[in-house]
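[1] dropping a prediction and its sequence here:
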Amino acid sequence: MKSHKTVSIAGLGAIGLPLARSLDQGRAPGFQLISVNSRDPAKAHAAVADFAAKPRVCISASDLVDADIIIEAAPAAAFLGIARPAISAGKTFIACSAGALMRNIWLVEEAEREGARIIVPSGALIGLDAVRAAAQGHITSCTIETRKSPSGWLGAPYLAENAITLEGLTEAECIFEGNALDAAAGFPANVNVAAALAMAGIGPLNTKVRLIADPAADRNIHHVVVDSDAARFTMTVEGKPSPENSRTGLLTPLSVIACLRSLHETLRVGS
Ligand SMILES: NC(=O)C1=CN([C@@H]2O[C@H](COP(=O)(O)OP(=O)(O)OC[C@H]3O[C@@H](n4cnc5c(N)ncnc54)[C@H](OP(=O)(O)O)[C@@H]3O)[C@@H](O)[C@H]2O)C=CC1
Ligand SMILES: O=C([O-])CC(=O)C(=O)O
């Protein structure tokens, strides 16, 4: 008999809200949503008003730690305020803001000390199982190219710092080329897949990132090339952007549900 687990979600946007709704609809048997937190409590109350089992709306992220599992699905700027209480309480912490986690990787040591667990779901990316397998041997190179419509990149600090304007762009333009750590600093709302790839593979400094703004892109496209002593592989995912937030693909909330279900699965396929 598997134990029943309680779940909290911080952030009710393109990832958090469909995820909360899926839990309320019983799409992850054995996991019960008990509380949520967002920037604006009134908006959070309204978001869950039609749920069959209304979760508690917490004013502070610290109040989410009653649950066994805390899922972070908030902007990168809010990440530490959600991660620290969950980790200090020794809970299972599922981080969607993979870039923010990578930039605060010391949290892993804190989690080790506190008996907490940090899980990064595959999110919008595919193939992290193969990357992890290759990393057990030796990965010689790892590159990711991400292509999104110009609107998907808007608001990134790197654009302002480098006076890059995407308005009126008529053809695809490379807006960043560098390592995953610099990409996560310059595009905190955008390069979570690069961060997850880096953490699964050869680390942020050795993972090369190219970001493309493409007016013809109606999907968020991630193309990854990995070379290792065991295999060379390429993978491409063309994610449909969420209507709520074009930076985020529809695959990510589904990936979090799959991640939760895998915590209880008797048969688990893939590493
Ligand atoms: N791992 C992956 O593959 C992917 C990761 N991501 C990352 O996941 C995170 C969530 O993405 P997404 O759902 O698209 O983002 P959204 O912007 O759509 O939603 C963010 C939510 O968090 C809320 N929020 C804002 N500030 C806080 C705060 N201080 N505490 C708690 N909640 C807050 C927002 O409320 P309000 O609307 O009122 O501001 C909103 O409900 C982001 O960091 C994003 O970069 C995204 C896509 C893929
Ligand atoms: O494609 C997506 O859904 C999100 C994305 O690029 C990222 O956060 O890295």
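    Structure's in. What do you need? Ligands and ions are numbered 1, 2, ... in the order given.

[2] what's the closest non-adjacent residue to the residue in the stretch 101-250 of the chain that ligand 1 sits nearest to?
    Here the residue of the stretch 101-250 of the chain nearest ligand 1 is Gly123; by C-beta to the nearest ligand atom that distance is 2.1 Å. In this view, the C-beta of every residue, glycine as well, is placed from N, C-alpha and C. Among residues not flanking Gly123 along the chain, Thr252 sits closest, at 4.8 Å (C-beta to C-beta, 6 or more residues apart in numbering).

[3] is the one you found in a helix, a strand, or coil?
    At Thr252, secondary structure determined by DSSP: H, G, I helix; E, B strand; the rest coil is helix.

[4] with Ala258 instead?
    helix.

[5] what does the one 10 residues further on give?
    In the three-state summary, Arg268 is assigned as coil, counting by three-state DSSP.

[6] correct me, but it touches Arg261?
    No - applying C-beta atoms under 8 Å as the test, Arg268 and Arg261 come out as separate, 9.5 Å apart.

[7] if you count surrounding residues, which of these two has more?
    Between Arg268 and Arg261, counting by other C-beta atoms under 10 Å, Arg261 is the more crowded of the two (15 against 10).

[8] once you drop chain neighbours, what's closest to that one?
    Closest to Arg261 by C-beta to C-beta, 6+ apart is Ala28, at 5.3 Å.

[9] check the gap between the one you found and Glu72 for me.
    According to C-beta to C-beta, to the nearest Å, Ala28 and Glu72 sit 17 Å apart.

[10] same check on Val108?
    Applying C-beta to C-beta, one obtains 15 Å for the distance of Val108 from Glu72.

[11] give me the more crowded residue out of these two.
    Taking other C-beta under 10 Å, Val108 and Glu72 do not tie; Glu72 has more neighbours (28 against 13).

[12] show me what that one is bridged to.
    Ala10, Ala95 (DSSP bridges).

[13] thinking it is in contact with Ala83, fair?
    Yes - judged on C-beta under 8 Å, Glu72 makes contact with Ala83 at a distance of 6.3 Å.

[14] okay, and the common contacts of the two?
    Counting by C-beta atoms under 8 Å, 6 or more residues apart in numbering, the residues touching both Glu72 and Ala83 are Phe93, Ala95.

[15] show me where the chain dips below the pLDDT cut-off.
    1-2 (pLDDT under 70).

[16] hang on, the earlier thing: just the element for the residue nearest to Arg261, please.
    Per DSSP states H and E, Ala28 falls between elements, in no helix or strand.

[17] do the same with Ile212
    Under the assignment here (DSSP H and E), Ile212 is part of strand 207-213.

[18] which elements pack onto the following helix or strand past that strand?
    Going down the chain from strand 207-213, the next helix or strand is strand 220-228, by DSSP H and E. If contacts are counted by 3 or more C-beta pairs under 8 Å, 6 or more residues apart in numbering; DSSP states H and E, strand 220-228 sits against helix 128-136, strand 139-148, strand 232-239.

[19] single out the most deeply packed of these.
    strand 139-148 (a mean of 20; mean count of other C-beta atoms under 10 Å).

[20] please name the residues that touch whichever residue of the stretch 1-150 of the chain sits closest to ligand 2.
    Among all residues of the stretch 1-150 of the chain, Ala124 sits closest to ligand 2, at 3.2 Å; criterion: C-beta to the nearest ligand atom. Shown in contact with Ala124 (C-beta under 8 Å, 6+ apart): Asn192, Val193, Asn220, His222, Val237, Gly239, Thr248, Gly249, Leu251, Thr252, Ser255.

[21] would you map the strands across the stretch 1-150 of the chain?
    5-10, 31-37, 56-58, 69-72, 92-95, 117-119, 139-148 (DSSP state E, counting those that start in this stretch).
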